[in-house]
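Undergrad: Turn this into a structure:
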Amino acid sequence: MTSTTSNHASRRTDGVLTLAVMTLSFMVYKLTLTPSLSFLSPDGNELATIPYLLGLAHPTGYPLYTWLGKMFTYLPFGDVAHRMNIMSATLGAFSIGLTYSIMRLLTGREDVPLWISRLSSAFTALLFAFSRAFWSQTGIAEVYAPNMFMLTLTVWLLLKWAHAHETDSPKRTKWLAAFALSYGLSLGTHMSNLGFAPAFAIFILLVDHRFLLRWRSLLLAAGCFLVGVLQFIWLPLAGVLGRFTSTMHPAPATLAQVYTYTLGAFDQLKFAFPLAAMPARILIYLALLRQQVFMPGILLGVLGMSLLLFHKPRRFFLFVLMYGVHLVFFLQYQVFDLDVFYIPAHLIYIVFIGFAVFDLSRILFQWASRRQGITRSVIRGIALIVLAAATLTPLLIELRANWEANDRSGDTAINDFYDMVWSTLPENAALLGKTGVMGFDMLYYPLVYDIRPDVTFLNLENSDASHDLYTTLRPGDRTGFGQQQSLFNREQQELWYIPVLVGRSDGMLGRDRALILYHAVEDPPELFQPGANPDVEIEQPVGPILLAGVDIPEQTVNAGDTLVIRLYWDLGQRTFNLPSGMFNLYLDELRLESHQLGLGNLERYLQERNPVQGLLVEELTIVIPTTVEPGQHTLSITIGSPLTRFADESEPLSLGSITLLQAH
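TA: Numbering: from 1, shown residues only. Predicted coordinates for the structure are as follows:
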């Protein structure tokens, strides 16, 4: 076999293995994909909407993400949000294929069998594929999986240029241009990639110390990078073209505003911690790293760094500088979802782990190959089995450990809720919801599908309305990122807010993301009913309160429809020192909703209407998730925290059973 034929066969094998790790990753991502909208990311529902509109996302604008997303919205299946989730899964899988290719460039050695390089490269790629933080971003509309595609593409192109330069290949100029263009474009999926510039520059000089004197190459790289950066012209252009922008972030119109929107964005989050807080911040990072690779992985990563320094010092400095700069910046970054910002650092650390696995495999197999006679064949066979088990076992453990946390296939809460909202709202109603990126669970439908054009969306028009007011908020609820600003005028704050529709609110959503539709009315609700007579008497305590009975008018409903439940509470003479916990309704072990006693109106009602007589009556119209299996299910109630399951709650009290039919 000639050298050329051998190289072609080797490339075909690598192509097949690249496709294999990509396909396996995509299959797992597709199985755990969120069907449509999700609350897993605060920005996700905005990022599912903006590309369809070719609008302008929140800072830093994400033009490349927007344009790629627009292409995926043309897929012929699912709704727009589902198609955007598919983009994350697809580009996430592509980044896994590129991770395999990066490792092949790092581990390819003439004195080592190709299968060892390929085995360790596939192991590295899949270890990253099923790491908890990265996997979590492949099933929702977010920038992190597309960004990892662009980042791995950029690093792979840079390593290809380095290899071409070191072997004096005539293609090195093309690889350099492709790298610079990819790097510039990557800023359109996440601006933090700019922090890798020092590592890239130093690596280029380590590979070619005369690079700065090669003015043509320098100008070519700078020009291609600037071509990629030109995408940010979209920011002011979107304003000129009248494209939709977040109500909190109008399109920038001047250079100063463009800077503020991009490089100057989120200044309040940067370098937010004093140096004295760094030890604690490092411990937080190590805990997140351990969650990704477990303790043996951390130790292997340290070994891999040392081995990479010994065998490939230039590559070592590239990855260590990328890792260090990224780590230092985000150690001082103040966000609640810090784990996703560390995803590039997790990838680099997993590359270190992969290199350690490669070198240890090389040493083991070379030792086995030095045996003589039949012993050599036996030992090599054993070594092969050990290597296969040593690489497959951690992947299976990781898959099992992270599957439940990242399985979003049953997350239909937002869609189930809003499907019923549109049929519940009366004609010409006004609907008020959260502002900015936090409000796109509601805005997605009118913006993408022109749902209910008769409804006035107050956080779209940003104005008051004389229409019948409905809202997914109450005065005092958070309306954005921790903001307590009021969207209600003085008259609206004096209204009574009656829940008319309740969506599933489990520990994932939390109280700030509860799905509740309120009707704002002037007259107080009749919370207490003298002589009330529940259909089913219970007379059992739930925590400190006696549940007198319950009504379930319809005990056979379709999944996806609503279930009406009336709870009758006997407070006796207790109109003070009422429980502050949350009452939680369950369908088997699935939390349907959580609410305060009196549905949020009891304290004010007692202040204005005391004394009261009769039983306290709560009427809940609950949306049953479409993902619940048909059959008979038990309803129960507990009191406790809305952010936990049974562990911190009272013993569940059965309310009876209902029969669910298949969703329409």
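
Undergrad: which outside residues touch stretch 652-661?
TA: For stretch 652-661, contacts defined as C-beta atoms under 8 Å, 6 or more residues apart in numbering pick out 536, 538, 540, 542, 547, 550, 552, 555-559, 563, 565, 585-587, 624, 628-638, 646. In short, each C-beta sits where N, CA and C put it, glycine included.

Undergrad: Show me how to select, in ChimeraX, the buried members of these.
TA: To isolate in ChimeraX the members of the contacts of stretch 652-661 that are buried, counting by 16 or more other C-beta atoms under 10 Å, one can use:
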select :538,542,547,550,552,557,559,563,565,585,586,587,624,628,633,635,636,637,638
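
Undergrad: give me the low-pLDDT residue ranges for the chain?
TA: Where the chain drops to pLDDT under 70, the residues are 1-4, 6, 247, 371-376, 380, 459-466, 478-486, 505-513, 573-576, 641-647.

Undergrad: if we go to 50?
TA: 484, 507-512, 645-646 (pLDDT under 50).

Undergrad: Would you map out the domains in it?
TA: Here the domain parsing of the chain from automatic domain parsing is 11-406, 524-664.

Undergrad: Looking at these, which one is packed in the most?
TA: Stretch with highest mean neighbour count among those: domain 11-406 (a mean of 19; mean count of other C-beta atoms under 10 Å).

Undergrad: What's the end-to-end length of that one?
TA: Here the two ends of domain 11-406 are set 34 Å apart, with distance taken as C-alpha to C-alpha, to the nearest Å.

Undergrad: thinking again about what came up before, what's the closest of the domains of the chain to R474?
TA: With C-beta to C-beta as the measure, domain 524-664 is the member of the domains of the chain nearest R474 (6.4 Å).

Undergrad: can you list the domains of the chain in a markdown table and add distance to Y518?
TA: Formatted as a markdown table, the domains of the chain follow (distance: least, C-beta to C-beta, whole Å):
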| stretch | distance to Y518 |
| --- | --- |
| domain 11-406 | 19 |
| domain 524-664 | 9 |
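
Undergrad: can you tell which of these is closest to L447?
TA: Across those, closest to L447 is domain 11-406 (C-beta to C-beta), at 5.7 Å.

Undergrad: just to revisit the earlier point, between the domains of the chain, which gets nearest to H467?
TA: Judging those by C-beta to C-beta, what sits closest to H467 is domain 11-406, at 19.2 Å.

Undergrad: Off-centre distance for the closest one?
TA: Relative to its chain's centre, domain 11-406 lies at 16 Å (C-alpha atoms, centre = their mean, to the nearest Å).

Undergrad: thinking again about what came up before, wait, which of the domains of the chain is closest to F488?
TA: domain 524-664 (14.5 Å).

Undergrad: where's that closest one relative to the chain centroid, distance-wise?
TA: Taking C-alpha atoms, centre = their mean, one finds domain 524-664 lying 32 Å from the centre of the chain it belongs to.

Undergrad: what's the answer for stretch 443-459, then?
TA: Remark: stretch 443-459 is offset 25 Å from the chain centroid, using C-alpha atoms, centre = their mean.

Undergrad: what residues does it touch?
TA: Against stretch 443-459 from outside (C-beta under 8 Å, 6+ apart): 37, 45, 48-49, 52-53, 79-81, 244, 247, 418, 422, 425, 427-435, 439, 442, 460, 464-465, 467, 487.

Undergrad: In helices only, show me these.
TA: Applying DSSP state H to the contacts of stretch 443-459, the entries found in helices are 45, 48-49, 52-53, 80-81, 418, 422, 442, 460.

Undergrad: Can you classify I639 by secondary structure?
TA: Following DSSP: H, G, I helix; E, B strand; the rest coil, I639 is assigned to strand.

Undergrad: and what of T189?
TA: T189 ends up coil, using three-state DSSP.

Undergrad: so who does it touch?
TA: Residues in contact with T189 (C-beta under 8 Å, 6+ apart) are 62, 64-65, 143, 146-147, 149-150.

Undergrad: Sort out for me which of the residues you listed are in helices.
TA: 64-65, 146-147, 149-150.

Undergrad: what about the closest residue to P530 other than its chain neighbours, distance to L527?
TA: Once flanking residues are discounted, P530 sits nearest to G614: 3.7 Å by C-beta to C-beta, 6 or more residues apart in numbering. For G614, the distance to L527 equals 9 Å [C-beta to C-beta, to the nearest Å].

Undergrad: just to revisit the earlier point, and the two most separated of the contacts of T189?
TA: Y62 and F149 (13.6 Å).

Undergrad: returning to that earlier point: can you redo the ones in helices among the contacts of T189 as CSV with distance to D339?
TA: Below are the ones in helices among the contacts of T189 laid out as CSV (distance: C-beta to C-beta, whole Å):
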residue, distance to D339
L64, 23
Y65, 20
P146, 18
N147, 15
F149, 19
M150, 20
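
Undergrad: so who does the nearest residue to Q137 once chain neighbours are set aside touch?
TA: Using C-beta to C-beta, 6+ apart and skipping the chain neighbours, the partner closest in space to Q137 is Y144 (4.0 Å). Residues counted as contacts of Y144 (C-beta under 8 Å, 6+ apart) are 88, 134, 137, 190, 340, 343.

Undergrad: do you know how far Y144 is from V564?
TA: Distance of Y144 to V564, given as C-beta to C-beta: 41 Å.

Undergrad: same thing with L263?
TA: Taken as C-beta to C-beta, the span from L263 to V564 is 53 Å.

Undergrad: and what of S169?
TA: As judged by C-beta to C-beta, S169 and V564 stand 72 Å apart.

Undergrad: What of V328?
TA: Distance from V328 to V564, by C-beta to C-beta: 55 Å.

Undergrad: same deal with T66?
TA: In this structure, T66 and V564 are 42 Å apart, going by C-beta to C-beta.

Undergrad: repeat for W403
TA: 36 Å.
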